[in-house]
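A.B. asks: no sequence on this one, just coordinates:
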């Protein structure tokens, strides 16, 4: 029904990082209330301007909203898109309707969304709006430790999906064109020069289907390979990050396959990573300051260097270390590299270059199509070795290259300057003999840069520095606190 029903009592469903119509508890319960429902999504200028934000994220969100509205059109529904901060948008909606209840999922986000949610809570209290929130993916708000968390997570994953009953829907579709400012964000959301996965609930289910019906077979075998993993891994991470799928949907689909006796080993490995996915978000939910400082406060004064030229080279994929550069250039173009390569990029930044993990945090957040704050910041700190409780891994990019891209397929794809070099020189081009370089038309420093540092020497110095820091009294003291607060009480099966 179009047009306003002035001052009618309504309920609102607020979509955030849950851009789906299935297994959506807020939507399901709003439909069961019986009142007219307004579905909304806010393109908040504060989030658009956030240092972690990138056009690729908003393009994915836009594609997801278009997909949802195509599905909703069948039942007369529509998600209304507002280019506005949440409180001003609600105040404008209030000019036409009496807000009764607000339904949404809890969001474990960045400081901007955390502050916004506190403001929304105050708005609801002042205006006598009941705000009902549901947890996402087994992540629990208000926890002091992890006692019983693993068991409760498994229970959550095995509960029935919260699928809405569409026949109960009375959707409001007023003309918000004067206050939604829709055209402004859509112009720059639609276009991107990069080759990225497309957003949308329907596209997400296609990826899930293709993974479980075939690609999962090589999941464990190729998980560390930068090129082969692009197909053998699920590639569901952006759909989970922006909520086109819930972790529960994916877990249960995988569990059905496992119980049928198909690909049981790879499925178990995949399910364990779903649990770890939520584990890291839970950690960030409990210590959101990790966005700005190390979880282990013994590392607050850890002595990083400031080297803008090295940082620029790392960001542009021009460090002179082939696998590092290939991974960064791949990220820039596609928004995705596998977990091991992400870990190597952070390890190289923080250990080999001795640069602060925070110096690269926003750059990677912008590049990752699947940017998930609750995974991003804990992982950055873990790979940087500043937790005091995790094993410090200083990835050798030359060894990683030989182990996981021995024929240079990935390197030559993303660093074509090295395509003419024969084995093994594309792994270490600085070792190319002059005659080999001449035959290949390759000149180090011209065709491809010299390494910005000596990787062996840098790793040795980093190892000495980080292990010395691990033994500091303040680091050890904080490590005990972290273990008591975040150690899981039940290992995976």
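C.D. replies: Received it, and whenever you're ready, just let me know what you need. Everything quoted here is computed from the prediction, not taken from an experiment.

A.B. asks: residue ranges with poor pLDDT in the stretch 301-450 of the chain?
C.D. replies: For the stretch 301-450 of the chain, applying pLDDT under 70 flags no range at all.

A.B. asks: in it, which spans are helices?
C.D. replies: 308-316, 322-334, 339-347, 357-367, 373-384, 397-404, 409-414, 434-440 (DSSP state H, counting those that start in this stretch).

A.B. asks: how about the helices in the stretch 1-150 of the chain?
C.D. replies: 25-33, 45-48, 55-72, 86-94, 111-126, 149-158.

A.B. asks: Go through the second one and flag the buried ones.
C.D. replies: In other words, helix 45-48. 47-48 (16 or more other C-beta atoms under 10 Å). C-beta here means a position set from N, CA and C on the backbone, and glycine is covered the same way.

A.B. asks: Please apply the same query to the third one.
C.D. replies: By neighbour count on 16+ other C-beta under 10 Å, the buried set for helix 55-72 is 55-68, 71-72.

A.B. asks: and if you look at the fourth one?
C.D. replies: Judged by neighbour count (16+ other C-beta under 10 Å), helix 86-94 contains these buried residues: 86, 89-90, 93.

A.B. asks: sorry, back to before: looking at the helices of the stretch 301-450 of the chain, which is nearest to residue 108?
C.D. replies: Proximity to residue 108, assessed across the helices of the stretch 301-450 of the chain by C-beta to C-beta, is greatest for helix 373-384 (4.6 Å).

A.B. asks: Point out the other elements, helices or strands, that that closest one touches.
C.D. replies: helix 264-286, helix 339-347, helix 357-367 (3 or more C-beta pairs under 8 Å, 6 or more residues apart in numbering; DSSP states H and E).

A.B. asks: could you dump the helices of the stretch 1-150 of the chain to a markdown table with mean pLDDT and distance to residue 280?
C.D. replies: Listed next are those as a markdown table, based on pLDDT from 0 to 100; distance: least, C-beta to C-beta, whole Å:
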| stretch | mean pLDDT | distance to residue 280 |
| --- | --- | --- |
| helix 25-33 | 97 | 22 |
| helix 45-48 | 95 | 21 |
| helix 55-72 | 95 | 19 |
| helix 86-94 | 95 | 26 |
| helix 111-126 | 98 | 17 |
| helix 149-158 | 96 | 12 |
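
A.B. asks: between the buried residues of helix 55-72, which is nearest residue 233?
C.D. replies: Using C-beta to C-beta, residue 60 comes nearest to residue 233 of the buried residues of helix 55-72, at 18.0 Å.

A.B. asks: What's the separation between the residue lying farthest from the centre of the chain and residue 157?
C.D. replies: Relative to the mean C-alpha coordinate of the chain, counting by C-alpha atoms, centre = their mean, the farthest residue is residue 435 (45.6 Å). Here residue 435 is placed at a distance of 60 Å from residue 157 (C-beta to C-beta, to the nearest Å).

A.B. asks: Same check on residue 464?
C.D. replies: For residue 464 relative to residue 157 (C-beta to C-beta), the value is 43 Å.

A.B. asks: Which one of the two is surrounded by more residues?
C.D. replies: Shown here are residue 464 and residue 157; by other C-beta atoms under 10 Å, residue 157 has more neighbours (21 against 10).

A.B. asks: Give the helix, strand or coil label for the residue nearest to that one when sequence neighbours are not counted.
C.D. replies: Distance criterion C-beta to C-beta, 6 or more residues apart in numbering; nearest residue to residue 157, sequence neighbours excluded, is residue 251 at 4.5 Å. Secondary structure assignment for residue 251 (DSSP: H, G, I helix; E, B strand; the rest coil): helix.

A.B. asks: show me what contacts residue 87?
C.D. replies: 119-120, 123 (C-beta atoms under 8 Å, 6 or more residues apart in numbering).

A.B. asks: May I see the PyMOL selection of the buried members of those?
C.D. replies: Burial among the contacts of residue 87 is assessed by 16+ other C-beta under 10 Å; the matching PyMOL selection reads:
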select buried, resi 120+123
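
A.B. asks: any chance of the contacts of residue 87 in JSON lines, with distance to residue 256 too?
C.D. replies: Listed next are the contacts of residue 87 as JSON lines, based on distance: C-beta to C-beta, whole Å:
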{"residue": "119", "distance to residue 256": "42"}
{"residue": "120", "distance to residue 256": "37"}
{"residue": "123", "distance to residue 256": "42"}
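
A.B. asks: Return the member of the contacts of residue 87 nearest to residue 151.
C.D. replies: Using C-beta to C-beta, the contacts of residue 87 come closest to residue 151 at residue 120, 31.8 Å.

A.B. asks: That closest one: what's it in contact with?
C.D. replies: Residue 120 neighbours (C-beta under 8 Å, 6+ apart): 86-87, 90, 102, 131.

A.B. asks: residue ranges with poor pLDDT in the stretch 151-300 of the chain?
C.D. replies: For the stretch 151-300 of the chain (pLDDT under 70), the answer is 177-194.

A.B. asks: picking that back up, closest to residue 309 out of the helices and strands packed on helix 373-384?
C.D. replies: Nearest of those to residue 309, taken as C-beta to C-beta: helix 357-367 at 12.5 Å.

A.B. asks: start to end distance for stretch 120-138?
C.D. replies: 23 Å (C-alpha to C-alpha, to the nearest Å).

A.B. asks: Now do the buried residues in it.
C.D. replies: Applying 16+ other C-beta under 10 Å to stretch 120-138 flags 120, 123-124, 129, 131, 133-134, 136-138 as buried.

A.B. asks: rewinding a little: ok, the residue nearest to residue 157 - contacts?
C.D. replies: Residue 251 neighbours (C-beta under 8 Å, 6+ apart): 157, 271, 274.

A.B. asks: Between the two ends of stretch 25-40, what distance do you get?
C.D. replies: With C-alpha to C-alpha, one end of stretch 25-40 sits 15 Å from the other.

A.B. asks: Identify each buried residue in it, please.
C.D. replies: Buried-residue list, stretch 25-40, by 16+ other C-beta under 10 Å: 25-31, 35-40.

A.B. asks: Would you mind giving the residues you listed as a markdown table with distance to residue 384 added?
C.D. replies: Below are the buried residues of stretch 25-40 laid out as a markdown table (distance: C-beta to C-beta, whole Å):
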| residue | distance to residue 384 |
| --- | --- |
| 25 | 36 |
| 26 | 36 |
| 27 | 39 |
| 28 | 41 |
| 29 | 41 |
| 30 | 42 |
| 31 | 45 |
| 35 | 49 |
| 36 | 50 |
| 37 | 45 |
| 38 | 44 |
| 39 | 41 |
| 40 | 38 |
